[in-house]
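Undergrad: test case, fold it:
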Amino acid sequence: MVAGFLVVRMIAPEIYGAFSGVGVFLGYVLLGHFGIINGLGRDIPFELGKNNQLLVKRLASLGLWVSYLVGAIASFIFLLALLYQVLYGTQSDVIVYASYTIISFFYLLNKQFLPVLFRTNNEFDTLSKINIGMAFVNIASVSLVWGYGFYGLCLRAVLLICIEFILLYYYRPINVSPHWDTKLAISQIKTGLPIYAVGQVRPLWATVQNNLIFSMGGPLQFGYFALANIINGALGVIPNAISQVVYPKMSIQLGEGKSVAEILKKIIKPTIFLFLIIFSIGGVTYWLLPLIVPLLLPKYVGGVEVAQWSVFIPVVASLGLVNNIYNVVKKQKWYFISLLTGALSGLGYTIIMVLTEGFNLVYFPQGMLIGFFIQVVLSFAFLSKLKES
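TA: Next up, the predicted model:
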């Protein structure tokens, strides 16, 4: 979050919005594996629990092959857009698309596949050290923006994803070469597609929302919204990090023969603890924003109210830690219904408000907050269905 604040302090909102607006399309890159990576996220720790090391390596090899393929396709599409900008765009457009041509190749690898390989307690320690190291690199690289402005912003984004890839790849606990296995891929699609459908509801919802803001409000409004994204992303780091640990541990416990009731019982205390932590941090952040932003980020005062609404989204989302159980036991139907109902409700609220009251950024985090609340309530209610089945 510190690095994010420093960057937006140095860059005008319309310039930051223009750069990050193109990055919205990275959300679609994560759709390209059709559930195979999600299947690995469930089956690798499950097979580790059964001590089936050979199958674990085959799964990792398949995931690496798929990640390289998706990255290459995404990079090629951005390359075509880059060539168009070379012919008809501005120099700034060329730099932006050149940056995303590189970033898009590593995006799936860094955000989904490589973290899946870290599944034991020692490996989680290694992953935590990588994340801490990347936090320092994040802050140090702000100097590029300070020294080179817009061009430094683009260079920083490329360097960050490349350094993150090098660290994750070098310290990966499962060392395999990419290999396609048709039979294994089909089995992983069968396992992962329901998880994939569930897991893509929120990211796709966020991507659609960002597209609406960028297309309706333009670079300036999207730049203001960057403040909300920074706050939301920073507060979401803690729930995401804990979920990365909890999810595979649930799968390992299931592989060891633990019952659903036993697994759920162990997750109640961490969920309550997580909620209290995020609620406390969120409350302080909500109070500080209107005091700090005018002093430190005067160009982004227009985004304060939006950021305040966004504070509560990770607070509500933190209650969903227990919902990993749906993917672990391969019973995603009820969870998917809760996610889809919430997303459609939240998006519906936003669209209705924009159509009836006119464009206003606050309608977007309000819609997400409503949707997340509905999702959490329904998913908790459906846990009884899970126990019955």
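
Undergrad: give me the nearest residue to G192, chain neighbours excluded.
TA: Excluding its sequence neighbours, the residue lying closest to G192 (C-beta to C-beta, 6 or more residues apart in numbering) is G39, at 2.8 Å. Where you see a C-beta, it was placed from the backbone N, CA and C, and this is true even at glycine.

Undergrad: which other helices and strands contact the helix or strand containing that neighbour?
TA: Assigned by DSSP states H and E, G39 belongs to helix 36-49. Counting by 3 or more C-beta pairs under 8 Å, 6 or more residues apart in numbering; DSSP states H and E, the packing neighbours recorded for helix 36-49 are helix 53-88, helix 114-116, helix 182-199, helix 201-255, helix 324-328.

Undergrad: and the helix or strand following the longest one, which residues are buried?
TA: I take that to be helix 201-255. Sequence-wise, the next helix or strand downstream of helix 201-255 (DSSP H and E) is helix 260-296. Residues 260, 263-264, 267, 271, 274-275, 277-279, 281-282, 285-286, 289, 293 are the ones in helix 260-296 that count as buried (16 or more other C-beta atoms under 10 Å).

Undergrad: starting at the chain centroid, how far to helix 260-296?
TA: Put simply, helix 260-296 sits 18 Å off its chain's centre (C-alpha atoms, centre = their mean, to the nearest Å).

Undergrad: so for it, mean pLDDT?
TA: What helix 260-296 shows for mean pLDDT is 86.

Undergrad: elements contacting that helix?
TA: For helix 260-296, the packing partners by 3+ C-beta pairs under 8 Å, 6+ apart are helix 201-255, helix 304-317, helix 324-328, helix 383-388.

Undergrad: one more time with 6 Å
TA: Here helix 260-296 touches helix 201-255, helix 304-317, going by 3 or more C-beta pairs under 6 Å, 6 or more residues apart in numbering; DSSP states H and E.

Undergrad: tilt between that helix and helix 304-317?
TA: 170 degrees (axes from the mean of the first three to the mean of the last three C-alpha atoms, to 10 degrees).

Undergrad: got the angle for helix 260-296 vs helix 201-255?
TA: Using the same axes, to 10 degrees: helix 260-296 against helix 201-255 is 140 degrees.

Undergrad: give the residue farthest from the middle of this structure.
TA: L87 (33.4 Å; C-alpha atoms, centre = their mean).

Undergrad: residues contacting stretch 376-386, please?
TA: Applying C-beta atoms under 6 Å, 6 or more residues apart in numbering, the external contacts of stretch 376-386 come out as V316, L319, G320, N323, K331, W334, Y335, S338.

Undergrad: okay, and the helix or strand of the chain with the least pLDDT?
TA: Lowest on mean pLDDT, DSSP states H and E among the helices and strands of the chain sits helix 383-388, with a mean of 69.

Undergrad: can you list the domains in the protein?
TA: According to automatic domain parsing, the chain comprises the domains 32-186, 200-389.

Undergrad: gap between the two ends of the shortest one?
TA: This means domain 32-186. Start and end residues of domain 32-186 are separated by 15 Å (C-alpha to C-alpha, to the nearest Å).
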